[in-house]
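J.: Have a look at this prediction, sequence included:
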Amino acid sequence: MTASPRLGVALALAIALVAAGGRARAAPREVRIAVIVGADRGGTGDDRLRFAEADARAMRDLLVDLGGVAPERALVLYGGGAGDVLRLVNEARGRAAELVRDGARVVFFFYYSGHGDDESLHLPGGRLAFADLLPELRSVPAALRVTIIDACRFAGREKGVTRGPAFRVGVAPEPPRGDVELWASSLGEAAAESDELGGAVFTHYIRSALRGAADRDGDGAVTLSELYGYVYRHTLFTTTAAAVTQHPALAADVAGAGELVLTRPKAASATIELPAGGERYLVFAWPNAAVVAELGADDARRVAVPPGRYLVAERLAGKSRVADVELPWGGSARLTERDFRAVAHEELVARGGRLELHAASVTPLIGFELAPIGAATWALRVGATAAWSRGALALAVEGAYAGGDAATTGYAGAQRAIIGALYVGVRGFVGRATAALLVGPELRWTWQSLTRLDADRVAAAGLPASDDRSGGGIGPRAVATLAVPLGHRVAASLALGATALVARQTSGGGASLGVQPLVSATAGVGYAF
Amino acid sequence: MRSERALVLALTCAVGCGRGLATSSYDQPFGTVRGTLSIPPAMATGNLRIALLWLGFGSAAGQVEQAVSVSADSLTTFRLDVTSLPPPDTLWGTPDRSYAQGAIVAYDDADGDGRLDIEPPGVPSRDRVLGKSYTTRVFFLGGGAPAPVSTGFEPAARGLSLVHFEQRAPALGSCAHDDGGALVEDPCMFELVDPSPIALPGDVVVELRDDPHLAGYACENFWGSEDWPDWFSQWNQWSPLAGTLCRGDGCDCVGSGCALDVPPPGATVDCAADAASYTYVTCVDDPDLCGTRFCHYGHGERRAQDPAPAGWPCP
């Protein structure tokens, strides 16, 4: 039997009835364990998937962030074979048994993303038959076992939503117990990946739901019934227009009272609240443009996200609007209509979450410059950088002044320089920070005001005691920058640069072309436009 | 096209314009001396180096080696950059107009420390001085005041210059003059041959010789290997030994009515053809001044019509 939203709602209602009839008593400590498997490669004849392992990674992060799974209890496997998967399940079983002995209530998650059919999972190291896997999963001594399979289910094996035999309505004061299986598709259906979503359609909606999109009652917790209703509706809606239509299926054998809370987005360290009334919102993570959450008109308006930067796109008929959100250190952002800016629909379609709303920035910088063989060994460097970026490409222009004391074998004084540099480079993201490596030519003009060390005697002898020099230089410069966001549009930057300055130099007598190495370290706070 | 040309011009100017930037080792020389080494074929030179020694005149003021940058242009030519003023102890004159003299020497840097080791009197140096600029000295003239200083090298250029320095015995009859019928004795000393300044960088010949007197340059109280007039020391009491050269009442008399400076026995006397004047030279090396040589330039003059006084050595 194939699952339907109606059945999902019925299941939720049944669980709610159980909850209403039960009587609360001291709840045991709940501990959650997860086994997460992702495999881009399947068996012979399977096309390589692009997002299965990425989905597994994202699911692991989500369960750790919002699902109450401690990092050390999230067991992850990428690729592997049947033996590897069963070994992880066996380890989970051992841990669960130990926790149960300590009096804990264990909830066990199993998630798989990859190739499969109605009989087995297709792993690069061999197939794992459901006949072997499911008994192993059910042998984990957890009060509740939640299995989520995002894989194809072509014909041959009938399985859908199955009503559990023992609901024991009104007599079971305990929390839900049993097995829940959530399948990406129904029998005979494939499970699709989506370039636009950057992952499997089913897993995308699972993640979106768990981040809060499914929290229709707004209580800050996503329950199994909310999850299934959301995932079924959106997966079906999305795939209806595609070549492959998916009907997510739910099988449950559950007894007990109360809702099964899967995640608590309200407790997340970072949340985005979207304005009411929008038809469809997509929340993209910046800069990888991965879709973190999707919210339809009927869905919740608050989603939990990891701390970071996001682009929220609102797609309406005939027009698109975008807004950016910076939550590098967590917190909550409530977007209003005024935060959105209209963009061409074609541009949003073409670039998705890679739209950059604040591509230009100006950063005043102050620091020092070291010239090991120069007259001014140390110099103060003050300037500003104007940068523009698009994706991984970065362009920048820098203007700076460097000044400091000058000292040579026979002279002392001061040195000043006006500096200009033009850069092109690449940038990437290191956690919350933006790192860039820029290269380009540097031009500078330097003035030196030098006085002989024994100036008094030299002057008394009627000889020139000072020597003012100036000259230009040009050379390649490389700069590595790291910008850490401080808030919306504001970032602290650290820049380390090195220049090989070609200039006419002299140590006395005549001047000749030479190369002077320079290194600099500057820091500043920039503003993005 | 015009913008490209402007860009090329700007880039060229970026590295080509200006006087050149000073590096950390920058030290503009006050002057540069070029020179040539004259080395006898069979002479063993060892670790041959060049030094500039500013000469200190006096019992306390010793000679000082100037830190200079010397580069070899070839096996026998060199360039010497003088990048600082002579040390104060080696300056003569007044603050408004001072001068100093230096000698360029060649030495075997036996200990390899890159400098000439100058020791106190009686202490042998590890380095061995092999040669010097026998006819050229480095001359420094400082100060802005025009007051004349009798250095014998006027008009020397302000700052560093070279001077031709070559001694010869005083000419016969040159140490006295006839002042209206009476002879007046003048201070008598060696004469300088063409003491004209030479513009830098010049061409200083450093001649390597088997000259034991050169060892004095590695001794701190040495005045230089030239001959110094004995009265120069007697005035200042720097060399009591130099005072022994002068014997008799007339030897150091200046002015009119002086007694005859009679040559000591054994001295070589140079008589004028008319027998109206003579000169003789007696010298001594003062070990307390590292072998500095003092000489008494003895002389006698009479008018041709006057009879020869008692003790007149010329027939």
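T.: That came through fine. Numbering: from 1, shown residues only, chains lettered A, B, ... in the order given.
J.: which regions of the stretch 151-300 of chain B sit below the pLDDT cut-off?
T.: Along the stretch 151-300 of chain B, segments meeting pLDDT under 70 span B:151-155, B:233-236.
J.: Can you give the domain ranges for the chain?
T.: Answering for chain A, as no chain was given. What automatic domain parsing lists as the domains of chain A is A:5-261, A:270-354, A:360-528.
J.: that's the wrong chain, I meant chain B
T.: If you go by automatic domain parsing, chain B breaks into B:24-157+B:199-225, B:169-191+B:226-315.
J.: Look up how far A:Val31 lies from the residue in the stretch 101-250 of chain B that chain A sits nearest to.
T.: Nearest residue of the stretch 101-250 of chain B to chain A (Cβ to the nearest Cβ) works out as B:Gly142 at 3.0 Å. No exception for glycine: its C-beta is placed from N, CA and C like everyone else's. B:Gly142 sits 92 Å away from A:Val31, going by Cβ to Cβ, to the nearest Å.
J.: B:Pro187 too?
T.: Separation of B:Pro187 from A:Val31 (Cβ to Cβ): 115 Å.
J.: next one: B:Trp312
T.: Counting by Cβ to Cβ, the gap from B:Trp312 to A:Val31 is 133 Å.
J.: now swap in B:His164 and tell me
T.: B:His164 is 104 Å from A:Val31, by Cβ to Cβ.
J.: Mind checking the pLDDT average for the lengthiest helix in chain A?
T.: If you go by DSSP state H, chain A has its longest helix at helix A:82-101. For helix A:82-101, mean pLDDT is 94.
J.: ok, the residue nearest to B:His177 when sequence neighbours are not counted - contacts?
T.: The shortest distance from B:His177 to any non-neighbouring residue, by Cβ to Cβ, 6 or more residues apart in numbering or on different chains, is to B:Val184 (5.6 Å). When contacts are counted by Cβ atoms under 8 Å, 6 or more residues apart in numbering or on different chains, B:Val184 touches B:Ala176, B:His177, B:Asp178, B:Gly255, B:Ser256.
J.: Can you pick out the most distant pair from the residues you listed?
T.: Across the contacts of B:Val184, the longest distance by Cβ to Cβ is 13.6 Å; it joins B:Asp178 and B:Gly255.
J.: For the residue in the stretch 1-150 of chain A that chain B sits nearest to, what are phi and psi?
T.: Closest approach between the stretch 1-150 of chain A and chain B, counting by Cβ to the nearest Cβ: A:Arg50, at 46.3 Å. Main-chain dihedrals, A:Arg50, degrees, to the nearest 10: phi -100, psi -20.
J.: residues contacting it?
T.: Counted by Cβ under 8 Å, 6+ apart, A:Arg50 has contacts A:Asp40, A:Glu193.
J.: what's the answer for A:Ala503, then?
T.: Contacts of A:Ala503 (Cβ under 8 Å, 6+ apart): A:Thr446, A:Gly471, A:Gly472, A:Gly473, A:Ile474, A:Gly475, A:Leu513, A:Gly514, A:Gln516, B:Val15, B:Gly20, B:Leu21.
J.: Now the most far-flung residue of chain A relative to its centre. Nearest residue, chain neighbours left out?
T.: In terms of distance from the mean C-alpha position of chain A, A:Ala461 ranks first, at 72.3 Å (Cα atoms, centre = their mean). Distances taken as Cβ to Cβ, 6+ apart put B:Gly142 closest to A:Ala461, at 3.0 Å, once the chain neighbours are dropped.
J.: three-state assignment of A:Glu356?
T.: Counting by DSSP: H, G, I helix; E, B strand; the rest coil, the backbone at A:Glu356 sits in coil.
J.: Now do it against chain B, distance only.
T.: The gap separating A:Glu356 from chain B is 31 Å, by Cβ to the nearest Cβ, to the nearest Å.
J.: State the phi and psi torsions of that residue.
T.: According to degrees, to the nearest 10, A:Glu356 has phi -120, psi 110.
J.: count of neighbours near it?
T.: When neighbours are counted by other Cβ atoms under 10 Å in any protein chain shown, A:Glu356 registers 16.
J.: wouldn't it be in contact with A:Ala392 here?
T.: No. With contact defined as Cβ atoms under 8 Å, A:Glu356 does not reach A:Ala392; the gap is 11.2 Å.
J.: and residue 248, what does it touch?
T.: The chain I'm using is chain A. Taking Cβ under 8 Å, 6+ apart, we find A:Pro248 in contact with A:Ala3, A:Leu182, A:Trp183, A:Ala184, A:Ser185, A:Ser186, A:Phe202, A:Tyr228, A:Val231, A:Tyr232, A:Thr235, A:Leu236.
J.: Sorry, I should have been clearer: chain B.
T.: When contacts are counted by Cβ under 8 Å, 6+ apart, B:Gly248 touches B:Ala259, B:Leu260, B:Asp261, B:Val262.
J.: B:His213 now?
T.: Neighbours of B:His213 in contact, by Cβ under 8 Å, 6+ apart: B:Ser225, B:Asp285, B:Gly291, B:Arg293.
J.: So for the second one, what's the nearest residue that isn't a sequence neighbour?
T.: Taking Cβ to Cβ, 6+ apart as the measure, B:Asp285 lies nearest to B:Gly291, with 4.6 Å between them; neighbours along the chain are not counted.
J.: Please apply the same query to A:Ser139.
T.: That would be A:Arg93: by Cβ to Cβ, 6+ apart, it lies 6.2 Å from A:Ser139.
J.: ditto for A:Ala387
T.: Nearest residue to A:Ala387, sequence neighbours excluded (Cβ to Cβ, 6+ apart): A:Ala396, at 4.1 Å.
J.: longest strand in the chain, by residue count?
T.: All of this refers to chain A. strand A:466-487 (DSSP state E).
J.: Can you look at chain B instead?
T.: strand B:97-108.
J.: For the most centrally placed residue in chain B, list each beta-bridge partner.
T.: Nearest residue to the geometric centre of chain B (Cα atoms, centre = their mean): B:Arg137, 5.5 Å. As for beta bridges, B:Arg137 partners with B:Val163 under DSSP bridges.
J.: Isn't it up against B:Phe165?
T.: Yes. With contact defined as Cβ under 8 Å, B:Arg137 and B:Phe165 form a contacting pair (4.4 Å).
J.: what about B:Pro187 and A:Val31, which has more around it?
T.: A direct count of neighbours by other Cβ under 10 Å for B:Pro187 and A:Val31 places A:Val31 higher, at 22 against 12.
J.: Now name the helix or strand holding the closest residue to B:Pro309 other than its chain neighbours.
T.: Once flanking residues are discounted, B:Pro309 sits nearest to B:Leu260: 5.2 Å by Cβ to Cβ, 6+ apart. Remark: B:Leu260 resides in no helix or strand, with elements defined by DSSP states H and E.
J.: from what I can see B:Leu260 touches B:Gly300, true?
T.: Yes. Counting by Cβ under 8 Å, B:Gly300 is a contact partner of B:Leu260 at 5.6 Å.
J.: Would you map the strands across the stretch 1-150 of chain A?
T.: Ranges of strands in the stretch 1-150 of chain A, per DSSP state E, counting those that start in this stretch, are A:30-38, A:69-78, A:105-113, A:115-116, A:120-123, A:126-129, A:144-150.
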